Structure formats: structure tokens, C-alpha cells
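# can't give you the sequence, but here's the structure:
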């Protein structure tokens, strides 16, 4: 795989701005469909939030912890990662380790390892909460119905076609504006069980009372219906595989280079202008960058209808995060730690959310990737990635806040892993400012737009824009954040560029058996 210092020519069929997973997926699919593609990335490596970094003998994932849908045989609408890798002939380039349990949920009076299998999850929860057996089944069935019906809806032209078919999409239409909390309250009585089933809310950046049930259900089913996986060698391997698919099909990847401006003339894209002033001609530009910056800075408001600008300005970006990257000499044989662990000080996820907004989070997740892939650290050592959500603006500079929140988070972790401080061999932290600097996302947003009921599905901007030839991909576009979401976005954007209505048409355009 070759990364270039400058483009080999001055004209391409497609320029992709940003080499996050959504941009890489779009670029790879379009290159496989015969388009001449140039991907421009300001960072020194591809992957966006999925990139990894090395510190001495340690290899850390920056943000991604696990993904679903990496093997064939998933439920309807599943196996998305597998289908893309197969469609691009990348099978064997990435090696996935199946994770089980899916996560460990630690709450006052309860410590539960949640299985990464739909049947086992239902059975385990029913054994732990026998009085809730029916409600558990109802909740999981609603989640599965949503996943299947959203997949069928994605095959249609738009939301209007879904509304015309209420018998095909009964659960989707009934629950499209629901929050996770509303569905939990309708199915479950036990506060403990509600807290366990809502444990993964930090993955979507909103508590159960505010997060879209549709998106949460789709995410949960991607893990328990299609299983959860870690990418051996870090998730950089997935990003590199997609990048190789671009270069092997005649595309180019330009690193350490910024797009200064997307050139638009008379309502149509003409290409991009790089930071060094070089003009690259292209009838199609796909922005995997922040949608606000794409519209306001790289293109300019005059190129868009006022209604589109008003829609963007109404939308709310997601929260950011504080991450503590640790390496420690630990013997975890017999330890209750799982790959993914969530520690909450109460059953009240709204209280946890409020503590995050105040900059004093009383909860965190601990990822231990070396349980799945010991090669990430020297023998006898483990990596621990501590994550909590915090807003970008807390009234003080992150230079001052960084050590305070880092010490606070480390103290919470040491209460769970005794003697952690004295066993530390490496420590580094990332703040919302760090995320903003590397991604240029507004205020270091972790998930693009917030994943509230009004900002998923038709409420989120789609891949097409009012500017002819300009498309969006990634977590600022439909369907939303997370690796599963941005890969799906890459598929949808590729179909829009190619003028294809169905997913099946995309695979046929690639000559794939998918």
C-alpha cells in the first residue's frame, strides 16, 4: 500500500475528503466499481477514530473497542463488516477475535457478565431476573424487529416509502421516535435490570432517557445477533485493509494534506483546492469530514439553500470524551475483568450523565484489549483504556483540566483494580481537545450528530446534498456513529454516487457474489 506526498495527476473521478472508516469504505467501494479515486487525509495515517498509535512496546486503539457483524451467517441486515470485506475481496486481511462476554456491568449490588449471544443473553438475564422473563423477551424481540425492519427500510428510496408500508414496518413506525428509557419502562420493572440493559449507552453518547431506541437496538443486535469482535493487531488493521483496497484498484491516498476548499461553481462541484494551493478537478467530492465545517468552511453557505443551512444549524453535535491509556504489570488470571467493563455508582444512568456534564464523572468503562490480543503489550503486561464522556466546554482550559480528570478517573479505576497505580508502566491521556485536534470534529464530537430520536434516520442529513456532485459520508451522515454505522454510511454514499437504489445493485457493480 502506497501513501503519496502529492497526487500523481490533477483530475480524478472522485475526491474523498477524510480517511476515516466511512471515507475509506466509500473510496474503496467506488474504486472497486471502476472510479478513479483520490482520498485526502490531514493526519499521518488512515482510520480516523479507528486509528491506532504506538508508544514504545505498546499498541493502543485510539477510540474503537469492539465491532459486530464480522462473520457470515448473521441475522437479516447483519454481517455488514463481513459483507463489505467480502465485496472488496479483503477476506483474510483482517483477523477478528470473538468476544464473550459482550460486557461486564458493575452496579451497586450487582456484577453481571452479559453474554454476546442473543439466546444466551435472554437465558442469562431470565435466570438472574426470573420475574422479568416476559419483559426481557419482549425487549429483545423489539430490538431484533427494529434491526430487521431498518435494514428493509434502507432498501427503499426514502422515508416516504416506509410510511406507505405500515404492515411491513410496524415496529419501526411505532417506535421511531422512542427513547431507550421509554421502551425499558414499558417492558421491565427492575431498576437493576433496566440499568444492565442500558449499560452500553456511552457507546452512543446519550443516556437511556435521551438516546434513540432505534439506534440503540440496532447497535445491541449487531453485537448479540452477529456477535462482537476485536480486530487482532488493533483496528488500524481494518482501516489499512480498506486503504489497500483503494490503492490496489488504482486509487490514491494522500496523507498529511488538507483540503482548503471544495470548489463549487454554479451549484456543481468542480473539485478541491489543497492547502498548498493545488487544484484537483473532480465531478464528485465525498466529504467524510465534519458536516458543519464542510458546509460553512470548505464550501461556503451561499452554495446551499437557506433551508439546508437552517437544518444543519438546528442539529446538535454529540458529546466528547476523556480517555486514559494505561499499561500495567498485571496477572489477570482469575480476574473478573472482561474485554469491556462498565462501572456505575448507581442504577441511575441519568445521574451518571449529569456527572459527566459537570466534568466530574462518577462512572467509566475499562477496556482490556490484551485479553483478546496479548501481542499489543509485552508478556506479563496488559493495556487498560479508561473512557468516560465529558463535554468540550467546562469553563477552564484542558491544559488545567487534563491532570485533574485523569487523576479522578485513575482513582475510580484503582477502586476496581487494587494496586493499579504502583503497577503502571505507561500512562497517557486524551481530552476533547485532543479529539478535536486530530479529527477536526466540532468540539471533539465522538459520534457526529447526537443520536437522539430526532437525529437518526430521516432526521439526520443523508449522503446527498443540495450541491450537485457533493456527498457526505461517516458519522455526520445517515445512519450515524460507530464503526457499524459509518461502514453502512459508506455503502449508502457509494450507492448514491453510483445512482444505485439497492444494496444488491452495489455488489453487482463490484462483481461480488455478496
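Cool, the structure landed. Keep in mind that what you see is a predicted model, and the values were worked out from it rather than measured.
# Give the helix, strand or coil label for the closest residue in space to residue 356 that isn't next to it in sequence.
Nearest residue to residue 356, sequence neighbours excluded (Cβ to Cβ, 6 or more residues apart in numbering): residue 389, at 4.6 Å. Backbone N, C-alpha and C define where each C-beta goes, glycine included. Here residue 389 is strand, with the state taken from DSSP: H, G, I helix; E, B strand; the rest coil.
# Residue 389 contacts residue 445, doesn't it?
No. The criterion here is Cβ atoms under 8 Å, and residue 389 misses it with residue 445 at 11.1 Å.
# what residues do those two have in common as contacts?
319-320 (Cβ atoms under 8 Å, 6 or more residues apart in numbering).
# as a whole number, average confidence for the one helix or strand residue 182 maps to?
Applying DSSP states H and E as the criterion places residue 182 in helix 180-187. In this model, helix 180-187 has a mean pLDDT of 98.
# same check, this time on stretch 485-492
Per-residue scores along stretch 485-492 average to 94.
# Tell me which residues of the helix or strand hosting residue 98 come out buried.
In this structure, residue 98 is located in strand 96-99 according to DSSP H and E. Buried residues in strand 96-99, defined by neighbour count with 16 or more other Cβ atoms under 10 Å: 96-97, 99.
# helix or strand right after the least confident helix or strand in the chain by mean pLDDT?
Ranked by mean pLDDT, DSSP states H and E, the helix or strand of the chain with the weakest confidence is helix 159-163, at a mean of 61. Later in the chain than helix 159-163, the nearest helix or strand by DSSP H and E is helix 170-175.
# Any chance you could list what contacts that next one?
Applying Cβ under 8 Å, 6+ apart, the contact partners of helix 170-175 are 142, 145-146, 149-150, 153, 162-163, 166, 183, 213-214.
# other SSEs contacting the strand holding residue 98?
Counting contacts by 3 or more Cβ pairs under 8 Å, 6 or more residues apart in numbering; DSSP states H and E, strand 96-99 packs against strand 228-231.
# quick one: contacts of the strand it packs on?
65-68, 70-71, 94-100, 102, 116, 237-238, 339, 369, 372-373.
# For it, which strands pair with it and how are they oriented?
strand 67-68 (antiparallel), strand 96-99 (antiparallel) (DSSP bridges).
# Grab the nearest non-local neighbour of residue 84.
Closest to residue 84 by Cβ to Cβ, 6+ apart is residue 487, at 5.7 Å.
# State the distance from that neighbour to residue 414.
Per Cβ to Cβ, to the nearest Å, residue 487 is found 36 Å from residue 414.
# Next: residue 115.
28 Å.
# More neighbours: the two, which one.
Using other Cβ atoms under 10 Å, the more surrounded residue of residue 115 and residue 414 is residue 115, with 18 against 15.
# I'd say the more buried one and residue 124 touch.
Yes. At 5.3 Å, residue 115 counts as touching residue 124 under the criterion of Cβ under 8 Å.
# from the chain's centre, how far out does stretch 130-137 sit?
Averaged C-alpha coordinates place stretch 130-137 at 30 Å from its chain's average position (Cα atoms, centre = their mean, to the nearest Å).
# Which positions in it come out as buried?
Neighbour-count burial for stretch 130-137 [16+ other Cβ under 10 Å]: 132, 135-136.
# what does stretch 307-317 give?
Buried residues in stretch 307-317 (16+ other Cβ under 10 Å): 308-309, 312, 315, 317.
# rewinding a little: for the residue nearest to residue 356, give me its contacts.
202, 205, 319-322, 353, 356, 361, 446.
# What of residue 332?
368, 371, 382.
# What count of nearby residues applies to the last one?
Spelled out, that is residue 382. 24.
# State the distance from it to residue 501.
48 Å.
# Over to the first one?
Using Cβ to Cβ, one obtains 44 Å as the distance from residue 368 to residue 501.
# Show me the shaky parts of the stretch 1-150 of the chain.
By pLDDT under 70, the low-scoring segments of the stretch 1-150 of the chain are 1-4, 74-77.
# got the residue ranges for the strands in it?
Counting by DSSP state E, counting those that start in this stretch, the stretch 1-150 of the chain has these strands, from start to end: 3-4, 14-17, 37-40, 52-55, 58-61, 67-68, 96-99, 103-107, 110-114.
# Could you dump these into JSON lines with distance to residue 301 added?
Listed next are those as JSON lines, based on distance: least, Cβ to Cβ, whole Å:
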{"stretch": "strand 3-4", "distance to residue 301": "32"}
{"stretch": "strand 14-17", "distance to residue 301": "18"}
{"stretch": "strand 37-40", "distance to residue 301": "22"}
{"stretch": "strand 52-55", "distance to residue 301": "36"}
{"stretch": "strand 58-61", "distance to residue 301": "37"}
{"stretch": "strand 67-68", "distance to residue 301": "36"}
{"stretch": "strand 96-99", "distance to residue 301": "43"}
{"stretch": "strand 103-107", "distance to residue 301": "43"}
{"stretch": "strand 110-114", "distance to residue 301": "46"}
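# And those: which comes nearest residue 294?
When the strands of the stretch 1-150 of the chain are compared by Cβ to Cβ, strand 14-17 sits nearest residue 294, at 7.5 Å.
# Work out the gap between the closest one and the centre of the chain.
For strand 14-17, the distance to the chain centre is 21 Å (Cα atoms, centre = their mean).
# which residues are in contact with stretch 204-213?
Applying Cβ under 8 Å, 6+ apart, the external contacts of stretch 204-213 come out as 146, 175, 178-184, 194, 198, 201, 215-216, 219, 318-319, 349-350, 352-353, 389, 446-447, 450-453, 455-456, 481-482.
# are any of the residues you listed buried, and which?
Buried among those (16+ other Cβ under 10 Å): 146, 175, 178-181, 183-184, 194, 198, 201, 215-216, 219, 318-319, 349, 352-353, 389, 446-447, 450-453, 455-456, 481-482.
# So which of those residues sit within helices?
Among these, DSSP state H puts 146, 175, 180-181, 183-184, 194, 215-216, 219, 349, 352-353 in helices.
# Now residue 271. Its backbone dihedrals?
phi 140, psi -150 (degrees, to the nearest 10).
# the domain parsing of this structure - what is it?
3-94+233-316+447-509, 117-226, 319-439 (automatic domain parsing).
# count of residues packed around the residue lying closest to residue 33 once chain neighbours are set aside?
Among residues not flanking residue 33 along the chain, residue 509 sits closest, at 4.8 Å (Cβ to Cβ, 6+ apart). Residues within reach of residue 509, counting by other Cβ under 10 Å, total 19.
# Now for residue 316: which residues touch it?
449-450, 452, 455.
# I'd like to know which of those residues is nearest to residue 330.
residue 450 (36.1 Å).
# Need phi/psi at that closest one.
According to degrees, to the nearest 10, residue 450 has phi -50, psi 150.
# How much space separates it from residue 315?
8 Å.
# measure residue 271 to residue 36 for me?
Applying Cβ to Cβ to residue 271 and residue 36 gives a distance of 13 Å.
# Between those two, which is the more surrounded one?
When residue 271 and residue 36 are compared for neighbours, residue 271 comes out ahead with 24 against 16, by other Cβ under 10 Å.
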